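Trainee: Let's see this in three dimensions:
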Amino acid sequence: ARTGKPKAPAQSDGASQEGTSTSARQFESLLEAVPDAMVGVDQAGAIRFVNRQTELLFGYDRADLVGQPIETLVPESLQQVHTGLREGYVAAPRTRAMGADLELSGRQADGTVFPVDVSLSHIDAEDGALVIATVRDMTDRKKAEEECRRSDRLTALIEFSGEAIISITLDGIVTSWNPAAERLLGYSSEEIIGTSGRVLSPEDRTDEMSVILATIRAGQHVEHLETACVRKDGTVITVSLTVSPIRDAAGALIGVSTIAHDVTKQKESFESARNLTAIVNDSDDAIIGKTLDNIVTSWNPAAERMYGYSSEEIIGKSCGLLCPVDRSNEACAALARIRDGQHVEHFETIRVRRDGTLFPVSISISPVCDADGTIIGATTITRDMSKQKQAFESARSMIESSLDSLVSISPEGKITDVNEATVKV
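Mentor: Residues are numbered from 1 along each chain as shown. Below you'll find the model as predicted:
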């Protein structure tokens, strides 16, 4: 009969009905006391009995399981495979303990598939051999193992990160310190863990940590905060901080995690670039950037004043617009020298303004290189020589109009220039 209650093994010596009943009750009590789900299956694969833990684990009533194939408790995708394995076990039964490193799954009444571990044993009952399957829910254990793996990955990520990663309590005490933090700030983990993180702040920023911790307590994050840190040797560096809350399993805030990125060089480069920009913008000389194809890429205010083009008008256009037609080959010759890594210094020539007027200039051209040293363009510094030329021509006119003989002699004693009066003498 399929009542769902287990039958004790048969009495081989013809014991009384009362003894058999007592054994059955004892076996049933033992079965119900087991903390794992237990399922008895006959040689045909039909469920003969289950305990209360089976009902709780799989979500079935006992009456709905007894008489059903054991594959009822197996995911549909694995039922055919399970049938073959079960038949093989019946042919050669053996005890199999839990923890056999098998990836097993069960299926609950609502179709939910969950990880299980199963031990197998067999007994001889009155109506034939039974296979006893003890089933343990592995969901929590799998979650714990995954959490452990995640923790291991996180630990490896922190240990091998190129960024300094530091954990601090809400009282400002350092609790973790990765190798990158040691390289950046000079303290070993043995030296710094357990001490106040305020030793890392300059004297004029000692309250900054309190402000950061207050921000985190308020439920906010701190991202890319640029500040200063003091290294063990006393040097001050500029860092960018990203600070996030650390919470315990109950969600309570217990500390903060800080990622510190050294931006000292970037800040120095930025300052240099800003200073250079100021120099370019305030220069009285036209400073023009261009590609090796002679296309304008940058144009300072002095260039706008000198040539009459705004930066919006000229950037992206050819520098050929600035050359008189009869001097168009000059740019090609200059760029050829730039491609060879040479400089062009104080080259005197003529340029043309937007309104078509020509004016004398002195030009210096230097190559522009990328981070790999490859020449990618050129910078041209142009000085308007109109006033100098006018002054020269005025002085020359005075010299030529003089009735006195005027002679220019070099330090070596050679005559370098004479006026018209000298020629007449």
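Trainee: Quick check: buried residues in the helix or strand residue 416 falls within?
Mentor: If you go by DSSP states H and E, residue 416 is part of strand 415-418. By neighbour count with 16 or more other CB atoms under 10 Å, strand 415-418 contains no buried residues. Quick note: C-beta positions are derived from backbone N, CA and C, even for glycine.
Trainee: Which of the three states applies to residue 132?
Mentor: Under the three-state scheme (DSSP: H, G, I helix; E, B strand; the rest coil), residue 132 adopts strand.
Trainee: Does it touch residue 37 like I think?
Mentor: No - applying CB atoms under 8 Å as the test, residue 132 and residue 37 come out as separate, 11.1 Å apart.
Trainee: Give me the more crowded residue out of those two.
Mentor: For residue 132 versus residue 37, neighbours defined as other CB atoms under 10 Å are more numerous around residue 37 (23 against 18).
Trainee: Show me how far the lengthiest helix in the chain is from its chain's centre.
Mentor: For the chain, the helix with the greatest residue count under DSSP state H is helix 139-160. Remark: helix 139-160 is offset 19 Å from the chain centroid, using CA atoms, centre = their mean, to the nearest Å.
Trainee: That one - what's its average pLDDT?
Mentor: The average pLDDT within helix 139-160 is 85.
Trainee: what's the answer for stretch 212-219, then?
Mentor: For stretch 212-219, mean pLDDT is 90.
Trainee: contacting residues around that stretch?
Mentor: With CB atoms under 8 Å, 6 or more residues apart in numbering as the test, stretch 212-219 has contacts from 170, 172, 222, 225, 241, 243-245, 253, 256.
Trainee: now for the residues you listed, which pair is the farthest apart?
Mentor: Using CB to CB, the pair of the contacts of stretch 212-219 lying farthest apart is 225 and 253, separated by 18.8 Å.
Trainee: which stretches of the stretch 101-250 of the chain aren't confidently modelled?
Mentor: Residue ranges of the stretch 101-250 of the chain with pLDDT under 70: none are present.
Trainee: could you redo the last one with a cut-off of 90?
Mentor: The stretch 101-250 of the chain contains residues with pLDDT under 90 at 101-103, 122-129, 141, 144-162, 203-210, 218-221, 248-249.
Trainee: Enumerate the helices of it by residue range, in sequence order.
Mentor: 139-160, 179-185, 189-192, 208-217 (DSSP state H, counting those that start in this stretch).
Trainee: ok, and which of those has the densest surroundings?
Mentor: helix 179-185 (a mean of 19; mean count of other CB atoms under 10 Å).
Trainee: Pull the residues that contact it.
Mentor: 159-166, 187-189, 192, 200, 229, 231-232, 237, 239, 260, 262.
Trainee: and the helices of the stretch 101-250 of the chain as a markdown table, adding distance to residue 64?
Mentor: Below are those laid out as a markdown table (distance: least, CB to CB, whole Å):
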| stretch | distance to residue 64 |
| --- | --- |
| helix 139-160 | 22 |
| helix 179-185 | 59 |
| helix 189-192 | 59 |
| helix 208-217 | 53 |
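Trainee: Tell me which of these sits nearest to residue 80.
Mentor: Judged by CB to CB, the one of the helices of the stretch 101-250 of the chain that comes nearest to residue 80 is helix 139-160, at 24.6 Å.
Trainee: Show the end-to-end separation of stretch 117-133, please.
Mentor: From its first residue to its last, stretch 117-133 covers 10 Å (CA to CA, to the nearest Å).
Trainee: likewise stretch 92-106?
Mentor: Stretch 92-106: ends 23 Å apart by CA to CA.
Trainee: for the strand or helix carrying residue 272, packing partners?
Mentor: Residue 272 belongs to helix 264-282 when assigned by DSSP H and E. Other helices and strands packing on helix 264-282, by 3 or more CB pairs under 8 Å, 6 or more residues apart in numbering; DSSP states H and E, are strand 236-247.
Trainee: buried sites along the strand it packs on?
Mentor: For strand 236-247, burial by neighbour count (16+ other CB under 10 Å) applies to 237-243, 245-246.
Trainee: Paired strands for that strand, with orientation please.
Mentor: Here strand 236-247 is paired, per DSSP bridges, with strand 222-230 (antiparallel), strand 253-262 (antiparallel).
Trainee: Taking helix 264-282 as reference, get the angle to the shortest one.
Mentor: The reference is to strand 222-230. Inter-element angle recorded for strand 222-230 and helix 264-282: 100 degrees (by axes from the mean of the first three to the mean of the last three CA atoms, to 10 degrees).
Trainee: Using CSV, write down the CA coordinates of strand 222-230.
Mentor: Coordinates of each C-alpha in strand 222-230 appear next as CSV, following Å, rounded to 0.1, in the frame of the first residue of the first chain:
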residue,chain,number,x,y,z
VAL,A,222,32.4,61.9,-2.4
GLU,A,223,33.7,61.7,-6.0
HIS,A,224,36.9,63.1,-7.5
LEU,A,225,37.7,65.5,-4.6
GLU,A,226,41.0,67.1,-5.4
THR,A,227,43.0,67.7,-2.2
ALA,A,228,46.5,67.3,-0.7
CYS,A,229,48.1,64.4,1.2
VAL,A,230,51.3,64.3,3.2
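Trainee: contacting residues around that strand?
Mentor: 185, 199-202, 205, 208, 212, 215-216, 236-243, 260, 263, 267.
Trainee: The nearest residue to residue 108 once chain neighbours are set aside: what's it in contact with?
Mentor: Sequence neighbours aside, residue 59 is the residue nearest to residue 108 in space, at 4.6 Å (criterion: CB to CB, 6 or more residues apart in numbering). By CB under 8 Å, 6+ apart, the residues touching residue 59 are 108-110.
Trainee: what about residue 303, how many neighbours?
Mentor: 26.
Trainee: Confirm that it sits in a strand.
Mentor: No - counting by three-state DSSP, residue 303 falls outside a strand, being helix.
Trainee: need the contact list for it.
Mentor: Contact analysis of residue 303 by CB under 8 Å, 6+ apart lists 286-288, 309, 314, 382.
Trainee: give me that answer again for 7 Å
Mentor: The contact partners of residue 303, by CB atoms under 7 Å, 6 or more residues apart in numbering, come to 286-288.
Trainee: For the residues you listed, please prepare CSV with the additional fields neighbour count.
Mentor: Converted to CSV, the contacts of residue 303 look like this (neighbours: other CB atoms under 10 Å):
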residue, neighbour count
286, 23
287, 18
288, 25
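Trainee: now, which of these sits nearest residue 81?
Mentor: Nearest member of these to residue 81, counting by CB to CB, is residue 288, at 76.1 Å.
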